[in-house]
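Q: kindly generate the corresponding structure for this input.
(chains A and B)
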Amino acid sequence: MPNRRTILLCLWLPLFLLGGCATPSIPKPNRATQDPLIQSLIRVNVTGQDYNFHQPWQQDSPSSHTGIGVVMEGPHILLTSQMMANHRYVELEKLVTGEKGRAEVEVIDYEANLALVKPLDPDFLKDMHPLDFSLDAVEGDLLTVLQVKRNGNIVPSEGPITAIELLRYPSGSAFLAYRLNSSLQFRLNNFTLPVLKSGRLSGLLMGYDSKGQSVDIIAAPIIEHFLKEASDGDYQGFPNLGLKVVSMDDPQLRRYVGIPEDLDGLYIQEIQKGLGAEKAGIREGDIIIEIAGFTLDRRGDYEHPLYGKVSVSYLTRCEFYAGDRVRLKIFREGEILEKEIIPEYIPPEDDPVPPFLADSPPHYFILGGLVLQELSLPYLREYGSDWSVKAPISLVHYQRNQYALDLGEREKIVLLSGVLQTSRSMGYESLRDLVITRINNQPVRRLGDVPEALKSPINGFHKIEFEDSPRTIYVDPEELGGINQEIRQRYGLPALHNLDAR
Amino acid sequence: MKHRGCSNCLWISDPFHRVGILVFFLCLLSPSFQAWTDEGDISQIRKGVIKIIVMDQTPDYTVPWNPGRMSQKMGTGFIIDGNRILTNAHLASNARFLAVEKEGDSRRHEARVRFIAHDCDLAMLEVLDSAFFEGTVPLSIGGIPTLNSIVNVVGYPIGGMRLSTTRGVVSRIDYQVYSHSMLDQHLAIQIDAAINPGNSGGPVLQGERVVGVAFQGYRGDVAQNVGYMIPVPVIERFLSDISDGQYDRYVDLGIQLFPLLNGAHRRALGLDSGDYGVMVSHVYKEAPCANLLQVGDILLTIDGLTISSDGYVDMEGEKLHMAEVVERKMQGDTVRLDILRENRHEEVIVSLYAPWPFQLQALQHDVRPRFVLFGGLVFQPLSRRFIMEADIRDESIRYYFSYYLDHELYLDTPEIIVLSQVLPDPINVYLTPFVNGILDTINGRHIGTLEDVANAFGESPEYYVIRLKGNGRPLVLERGAVQEARERILQRYGVLQEQYLGDSFVPEDWDEKK
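A: Numbers count the residues shown, from 1 in each chain, chains lettered A, B, ... in the order given. Take a look at the predicted model:
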């Protein structure tokens, strides 16, 4: 399974502003398609406001996105989560009448790019019909992407599924997607568009490449997993076995580990600490031969009854739910062993360096002008599109190796991200992006440890220790009040810390 | 003093200039020299300045067995007493053939490098035929010019048959990265006289005395009228270092400092608000101050000079970084530091030498790329030149390079060995995804240097099991397969040599010292 959070794409950018043909042909009104469907689709307008991770006390300017949501049983409205990030106001708008109503988010999964919202007024969707769900799309099937014009006319674009495979979602994780060959005619800048097979919901549009005329669609089984998880009120997302594998097609490696020619399988190259695989006693160097009765080939695919060869990470992440029991056959030193792993769901924000943080303001703590924060991918992304080169390499190293590095007791990487200059913090202005190890001789495992550590100054001073030069600096507790007042006056910060639980 | 990080916009005057291209253009010029009004006699000076033509060969780090790319470059030099020629190291580095020419005499004489100091960009040449020096007048060396005083630059900018002279004033005296090594920082003098490619190695004069050697400047799109010369203290240190017949690099304390400018910081350390004392923020373990200084020590004086809170001292009427005191010393000299450790005064005597690990981050010259080729896998140690030539953006490699010193990675791995290339062959086609991986072990043996790699591959186990850092999947090569593929790979890729283990900067006893 490829590292589930090898993030390549940016979550918060609209990756697929519908480009398409600049001179749209005039569509013929098609009353026949309009009638039944119009009662199952609704326009969703979201105004969001992102946070600035280099100035965590302030928000960027608000921006609005629109999309076409699908009414599902409940009734709920299904959307892509990409348009929901850091939402401030969510509004439903009926396609025909233009009637508007406020909505609230029920469940959101940024990793799988899906969200459910519901209207505040329970009667708002009274006259609407939930759309049926179709799970049986296979390669070659014709799917229809629905766009809706301002006047409420539905414009269908049809195309065949050319591939069903794991693609990178905007979060960077790979999940099942349909790839459709179709051209979308309008530049409606919709973030969510429903995709139908024979009048039933088969997916949501996730990306469109106007040059290649290829449409990437969140596949129905992913939506099904999301809806099932969402239905019991305790959302557990897409679970993880906690291991990383590579193919076993190198004959010299095969002979070295002594695996018989008639056995295929995947080589386990990394076991993530504390997750299911480690608990089940699986080790680095074991070879997985079979998962839940499915035989794996040397490349890491298995034979799916509908889709043919599909990557095994689809099997482990989507076909199972957190808490299921997954039976594995592994080859170890000439023997075949049976193991049982219980996949777990680890919310992305619990990662040592979270891949995304949305819907709550970034944590920070200002200590005598020193700005303390936790390292996260959104923080690194503030260095620009080539952040992996521009951001300090020591921080990028933490981000890339967060599962492999021995972090000791640390749950997060706490940083001195920068210094707000005041008359009493002069001399420290050059310090930035330094990893903090201890404050007042107490380990800093997460930002929330800071207030406690500040209760016991050393010889009358707060002692702050870093991993790298200058290694130790001091702040005078007596001066904090004055410095804080100065910061409020000079920089107009609304608050000097935010440690609220997410 | 070592500079952290490198500056991109400095050019070194010559490497890209080829003689011939601009000769025609320059022939149209008719330079006319007059005696300078401020005491210098140009007719005497021009007898001491010479043109240097160099055929060089730059090693190819992407095909390390190749002899290298050849090119011709040209610059300036000048004669000092004893028929010695001073010029820049960057002009004489990687030289395969050197020739010198006097002004107005197109006969070339073969020269050779007598001493070369890559860390301060100076070189001394000698001419085989002493008849060359007939009619020449050696130049004498002066001192540090005062700010805003006038200097003249003499040399062969952008080629030409006749000497060119430009004039400017001394704009600034400060520390500067010497871009020949991209790491070393020494005193340098900024002048506003035009210095262009070809001026490199030429004298900067005040009157008839040399006050500097022109060596680097900025590209025109970065800054104008900013040229740099190597000042007399650096020249004199070079001359004094080589007086025993060999050049032993600059010595260094091997520490990092943090200015004590913050009031709370000073009070916490027991200092009053005066302008003195600088804090030690890192002590390199393989350097002169290891075991003598520790992080948090406050340096108060160096050889009796009071150190200000930003690490500067008053020296010969100039405010200079305390490193300048060490800069002027030689291998084996000592320096005395008065320090404050946990509120107690102590005196520390440091015996100076040049720490070897610093060389990894310096651009190395006059060395061939070290490598081992085995089973079509090319292994190379990290070096600045390797990173530059292979255009490495890999996060892990950049981390190991950047933090080699600060995280003391050299203690375990004095050389960071990278699987830099796979020359495709049936025995290794599954290994191409592992390019840019960093070696951890071969057959269970820790890899600290390229010699360890060569030794491990020199054995004949049934399987060679290569493990990379942070990757649980071993790279496996069967002995039989490697033997069978060997000739095939060498022939197909025109490999001239399977390994080069010379030119290591790591001392042989690095492991015992631990």
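Q: would you check that A:A322 makes contact with A:P343?
A: Yes: at 5.9 Å, A:A322 counts as touching A:P343 under the criterion of CB atoms under 8 Å. Glycine gets a C-beta too; all of them are placed from N, C-alpha and C.
Q: name the residue in these two with the higher neighbour count.
A: The neighbour comparison of A:A322 against A:P343 (other CB atoms under 10 Å in any protein chain shown) goes to A:P343, with 22 against 18.
Q: nearest spatial neighbour of the more buried one, skipping sequence neighbours?
A: Excluding the flanking residues, the one nearest A:P343 by CB to CB, 6 or more residues apart in numbering or on different chains is A:P239, at 3.6 Å.
Q: any idea how far the helix or strand where A:L415 lies is from the chain center?
A: For A:L415, the host element (DSSP states H and E) is strand A:414-419. Centre-to-centre, strand A:414-419 and its host chain are 25 Å apart (CA atoms, centre = their mean, to the nearest Å).
Q: again with stretch A:229-244
A: On CA atoms, centre = their mean, the centre of stretch A:229-244 falls 13 Å from the chain's centre.
Q: what of stretch B:437-457?
A: 28 Å.
Q: and the gap between the residue nearest to A:P343 and A:R317?
A: Distance, A:P239 to A:R317, using CB to CB, to the nearest Å: 7 Å.
Q: ok, residue 454 - contacts?
A: By default, I'm working from chain A. A:367, A:439-440, A:462, A:477 (CB atoms under 8 Å, 6 or more residues apart in numbering or on different chains).
Q: try chain B instead
A: B:A454 is in contact with B:372, B:499, B:501, counting by CB under 8 Å, 6+ apart.
Q: for B:I85, same thing?
A: Going by CB under 8 Å, 6+ apart, B:I85 touches B:50, B:52, B:77-79, B:100, B:111, B:124-127.
Q: what strands flank the helix or strand containing it, and is each parallel or antiparallel?
A: Per DSSP H and E: B:I85 is located in strand B:84-87. The strands beside strand B:84-87 in its sheet (DSSP bridges) come out as strand B:69-80 (antiparallel), strand B:122-127 (antiparallel).
Q: and these as TSV, adding mean pLDDT?
A: Formatted as TSV, the strands paired with strand B:84-87 follow (pLDDT from 0 to 100):
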stretch	mean pLDDT
strand B:69-80	94
strand B:122-127	97
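Q: got the residues of chain B near chain A?
A: By CB under 8 Å from any CB of the partner chain, the part of chain B that sits against chain A consists of B:256, B:258-265, B:267-269, B:279, B:281-282, B:295-296, B:393, B:395-396, B:398-399, B:402-403, B:406, B:427, B:430-431, B:463, B:465, B:470-474, B:476-478, B:481.
Q: give me that answer again for 6 Å
A: B:256, B:258, B:261-262, B:264-265, B:268, B:281-282, B:295, B:395, B:398-399, B:402, B:406, B:430, B:463, B:470, B:472-473, B:476, B:478 (CB under 6 Å from any CB of the partner chain).
Q: picking up where we left off before, and the contacts of B:I85, which is closest to chain A?
A: Closest approach to chain A among the contacts of B:I85 (CB to the nearest CB): B:M124, at 36.9 Å.
Q: now whichever strand or helix holds B:V372: how far from the chain's centre is it?
A: Assigned by DSSP H and E, B:V372 belongs to strand B:371-374. Distance of strand B:371-374 from the chain centroid (CA atoms, centre = their mean) equals 26 Å.
Q: and the closest residue to chain B within the stretch 51-200 of chain A, how far from A:M83?
A: Nearest to chain B in the stretch 51-200 of chain A, going by CB to the nearest CB, is A:G172, at a distance of 15.4 Å. Shown here: A:G172 relative to A:M83, a distance of 18 Å by CB to CB.
Q: kindly report the same for A:D406.
A: 39 Å.
Q: more neighbours: these two, which one.
A: Set A:D406 next to A:M83 and count neighbours by other CB under 10 Å: A:M83 wins out with 23 against 6.
Q: where exactly do the helices run in the stretch 101-250 of chain A?
A: Assigned helices in the stretch 101-250 of chain A, in chain order: A:220-231 (criterion: DSSP state H, counting those that start in this stretch).
Q: residues of it that sit close to chain B?
A: A:246, A:250.
Q: residue in the stretch 101-250 of chain A with the shortest distance to chain B?
A: Closest point on the stretch 101-250 of chain A to chain B, by CB to the nearest CB, is A:D250, at 3.6 Å.
Q: what's around that residue, how many residues?
A: Neighbours of A:D250 (other CB under 10 Å): 20.
Q: could you double-check that it lies in contact with B:Y430?
A: Yes: contact criterion CB atoms under 6 Å: A:D250 and B:Y430 qualify, at 3.6 Å.
Q: regarding chain B, what is its longest helix?
A: helix B:479-492 (DSSP state H).
Q: what does the helix or strand following that one rub up against?
A: Per DSSP H and E, helix B:479-492 leads on to strand B:499-500 as the next helix or strand towards the C-terminus. In this structure, residues lying in contact with strand B:499-500 by CB atoms under 6 Å, 6 or more residues apart in numbering or on different chains are B:368, B:370-372, B:454.
Q: where in chain A is pLDDT low?
A: A:1-35, A:187-188, A:502 (pLDDT under 70).
Q: domain parsing for it?
A: According to automatic domain parsing, chain A comprises the domains A:35-119, A:142-230, A:243-341, A:351-498.
Q: distance between the first one and the chain's centre?
A: Domain A:35-119 has its average C-alpha position 16 Å from the chain's average C-alpha position, going by CA atoms, centre = their mean.
Q: and what of stretch B:466-484?
A: Mean-position distance between stretch B:466-484 and its chain equals 36 Å (CA atoms, centre = their mean).
Q: in that stretch, what's buried?
A: Using 16 or more other CB atoms under 10 Å in any protein chain shown as the test for burial, stretch B:466-484 gives B:466-478, B:481-482.
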